[in-house]
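Q: coordinates for the following, if possible.
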Amino acid sequence: MFSIKTKQVLGVTAMVAIVVMALSLLHLMDLARTLLEESQARAELIANAIYHQSSEVVTSQGTAYDELRSSASVRLALESAIYSEDVTDAVIVDPTGTIIAANDRDRIGQTVEPRASLAALIAEGGPAQLRAVYSGGQTLEWVQPMNMDDQPFAEIRIGLSTILVRRDLNQSLQPAAIAAGVALLVAVFVAMLLAQVVLRPIHVITSGLSRLGRGELGTTLDLRDDEFRDLGDVFDRVSAQLRAAAPGSANPVQLNELSRRIVKLGRLTTGVAHEVKNPLNAMTIHLELLKTKLGDARAAAVHADVISQEIHRLDEVMQGFLKFARPDAVDFAPVDIAPLLAGVLDAIQPQAGRAGVTVERSCGDQSLRVSGDASRLRQAFLNLAENALQAMPKGGKLSVSCALNGNRVVVRISDTGEGIPAEHLERIFDLYFTTKRGGSGIGLSLVYQTVSVHNGEIDVESSMDRGTTFAVTLPALQSR
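A: This next block holds a predicted model:
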């Protein structure tokens, strides 16, 4: 299996390669059009020269054909035409297609059919022009009518080979192909460099957690970035507390509790790396595209907009992350669980009624109390209840119960909804993880954080098409 970093580099490389290929194709079509237009200009110039020579030797329409056949100056003009780039033949034909004069005398008297029109091909789009150039040996034709007394009596036909056009096109592509390859390598290098710089705090945090896991108590984090400095201070304080609780003054319960909190801190940081890299990768690609499109203000503006949006998205990701790294102060006070849950259910009752969900209340024990922040606990239970309603779009039953289990208060919120796939159960509390369309992936992470701050635990059980139960366990206060 590839590492996350390898997958990201491969993904960026593939995206840049696709963009480079698309731009190369556009450049190829533009170059093909340019070469065809140059061939048309040469053919038109040659036809005008032949027309000028012919007009000097033709005296009347009745003798025009004989005069054209016998004219040395016309024959010389026709023979000179084939020495021009891309030109294969030059002939003068009558209205029936019979050759009157040609660069090859043996063809005089033969009948020729009209060939594919160069002017018509130029009028078509780039894909059609590329097909014509690369579809084998095809000869295109430029036609110049010849008139006398405002009446057409002959045509000058100039043949142009697509093989020669293709040769010129391939030669012109070599520098562009080299430039595209260099741009691809530079883009990948810059993407890797930016990813390493921006993700350094994540790597430092991961390394610090690993060292603590190996028993290196007192480990500190070197986080100089303002956005992560507070998180580093929290980590350092927890690490110092672990060191103080080391053998000699060890308290097994305290040591276990501090270790559990460190694991929870690590869990909240694991989802950030992926979300930070995606906007950066997009920014890197479009910055490289801007460098190649500085001459096209409109095209550059499109990429600038994408970069602006991705920077805004990155800012939102980091702001969401800092909600966990720097949470608001918690005001601990005695909280009565039964009235708190009753208020939550009263708040969602109208929404439940519209969704066809029956609410079952099983929390009448008024003696259940915990120490905590009533506002944050209410928001956590409200999030769980709203998630349960969203899991039952066709109606069902929402059950909320509370009970005392030893010295812990257990609140259960159950639904009869769609259930959570087994492969997602381990990730539902991860920051930014969501399976709902339009979901932020922050709600359950915020619930997880609130429960952790209150020295509690949250567990989930789910069966597909049968429902889900969240169990929140909090330390109980003594009864009044």
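Q: rest of the way, CA atoms for contacts and neighbours
A: Fine.
Q: now do the buried residues in the strand or helix carrying Gly343.
A: According to DSSP states H and E, Gly343 maps onto helix 337-355. Residues 337-338, 341, 344-345, 352, 355 are the ones in helix 337-355 that count as buried (16 or more other CA atoms under 10 Å).
Q: hmm, who's touching the helix or strand following that helix?
A: Downstream of helix 337-355, the next assigned helix or strand under DSSP H and E is strand 357-362. Residues outside strand 357-362 that contact it (CA atoms under 8 Å, 6 or more residues apart in numbering): 345, 349, 352, 389, 392, 395-402.
Q: just checking: what are the partner strands of strand 357-362?
A: strand 396-405 (parallel) (DSSP bridges).
Q: can you give me the buried ones in the partner strand?
A: Buried residues in strand 396-405 (16+ other CA under 10 Å): 396-404.
Q: show me the strands in the stretch 1-150 of the chain, by range?
A: All strands of the stretch 1-150 of the chain, identified by DSSP state E, counting those that start in this stretch, fall at 87-93, 99-102, 139-148.
Q: closest one to Arg33 among those?
A: strand 139-148 (14.0 Å; CA to CA).
Q: could you list every helix and strand in contact with that closest one?
A: helix 4-57, helix 118-123, strand 151-161 (3 or more CA pairs under 8 Å, 6 or more residues apart in numbering; DSSP states H and E).
Q: what residues are up against Gly396?
A: 356-358, 415-417.
Q: nearest to Gly62, of those residues?
A: Gly417 (95.0 Å).
Q: tell me the secondary structure of that closest one, please.
A: coil (DSSP: H, G, I helix; E, B strand; the rest coil).
Q: surely it meets Asn387?
A: No: in this structure Gly417 lies outside contact range of Asn387 using CA atoms under 8 Å: 10.1 Å.
Q: quick one, which of those two is more surrounded?
A: Gly417 (24 against 14; other CA atoms under 10 Å).
Q: follow-up on the earlier one: from the contacts of strand 357-362, which two are the most distant?
A: It's Gly395 and Cys402 that sit farthest apart of the contacts of strand 357-362, by CA to CA, at 23.2 Å.
Q: by mean pLDDT, which helix or strand of the chain comes out lowest?
A: When each helix and strand of the chain is scored by mean pLDDT, DSSP states H and E, helix 252-269 comes last, with a mean of 51.
Q: Gly443 - how many residues pack around it?
A: Count around Gly443 with other CA under 10 Å applied: 22.
Q: for it, which non-adjacent residue is spatially closest?
A: The shortest distance from Gly443 to any non-neighbouring residue, by CA to CA, 6 or more residues apart in numbering, is to Asn383 (6.7 Å).
Q: pull up the per-residue confidence for the one you found.
A: pLDDT, Asn383: 91.
Q: my read: it touches Val447, true?
A: Yes: using CA under 8 Å, Asn383 is in contact with Val447, at 7.4 Å.
Q: hang on, the earlier thing: can you pick the most crowded of the contacts of Gly396?
A: Result: Asp415 is most packed of the contacts of Gly396 (other CA under 10 Å), 28 neighbours.
Q: just name the most buried of the helices and strands packed on strand 139-148.
A: Neighbour counts (mean count of other CA atoms under 10 Å) averaged over each of these peak at strand 151-161, with a mean of 21.
Q: for that strand, packing partners?
A: helix 4-57, strand 87-93, strand 139-148.
Q: how far off strand 87-93 does it point, in degrees?
A: Angle of strand 151-161 versus strand 87-93, following axes from the mean of the first three to the mean of the last three CA atoms, to 10 degrees, is 160 degrees.
Q: with just CA atoms, put strand 151-161 into PDB.
A: Only the C-alpha atoms of strand 151-161 are listed here, as PDB (Å, rounded to 0.1, in the frame of the first residue of the first chain):
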ATOM      1  CA  GLN A 151     -17.700  34.700 -66.900                       C
ATOM      2  CA  PRO A 152     -15.700  31.700 -65.400                       C
ATOM      3  CA  PHE A 153     -13.900  29.700 -68.000                       C
ATOM      4  CA  ALA A 154     -11.200  27.900 -66.000                       C
ATOM      5  CA  GLU A 155      -9.800  27.200 -62.500                       C
ATOM      6  CA  ILE A 156      -6.300  27.300 -61.000                       C
ATOM      7  CA  ARG A 157      -5.900  24.400 -58.600                       C
ATOM      8  CA  ILE A 158      -2.900  24.200 -56.200                       C
ATOM      9  CA  GLY A 159      -2.400  20.900 -54.300                       C
ATOM     10  CA  LEU A 160      -0.900  20.900 -50.800                       C
ATOM     11  CA  SER A 161       0.300  17.800 -48.900                       C
END
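Q: and the angle for the strand or helix carrying Ser172 with strand 87-93?
A: Taking DSSP H and E as the criterion, Ser172 maps to helix 162-198. Per the same axes, to 10 degrees, the angle that helix 162-198 makes with strand 87-93 is 140 degrees.
Q: for helix 162-198, buried residues please.
A: Buried residues in helix 162-198 (16+ other CA under 10 Å): 162-166, 169, 180, 183-184, 187-188, 190-192, 195.
Q: now flag whichever of these is closest to Val93.
A: Thr162 (22.5 Å).
Q: what's that closest one in contact with, if anything?
A: With CA under 8 Å, 6+ apart, Thr162 has these contacts: 86, 132-134, 136-140.
Q: how close does it sit to Asp168?
A: For Thr162, the distance to Asp168 (CA to CA, to the nearest Å) stands at 10 Å.
Q: likewise for Asp89?
A: Applying CA to CA to Asp89 and Asp168 gives a distance of 19 Å.
Q: next: Ser462.
A: Counting by CA to CA - Ser462 and Asp168 are separated by 67 Å.
Q: below-threshold pLDDT in the stretch 101-250 of the chain: ranges please.
A: Applying pLDDT under 70 to the stretch 101-250 of the chain flags residues 191, 194-204, 210-218, 222-232, 239, 241-250.
Q: returning to that earlier point: in CSV, list the buried residues of strand 396-405 along with distance to Ile99 and pLDDT.
A: Formatted as CSV, those follow (distance: CA to CA, whole Å; pLDDT from 0 to 100):
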residue, distance to Ile99, pLDDT
Gly396, 88, 93
Lys397, 91, 94
Leu398, 92, 95
Ser399, 95, 95
Val400, 97, 95
Ser401, 100, 95
Cys402, 102, 95
Ala403, 105, 93
Leu404, 107, 92
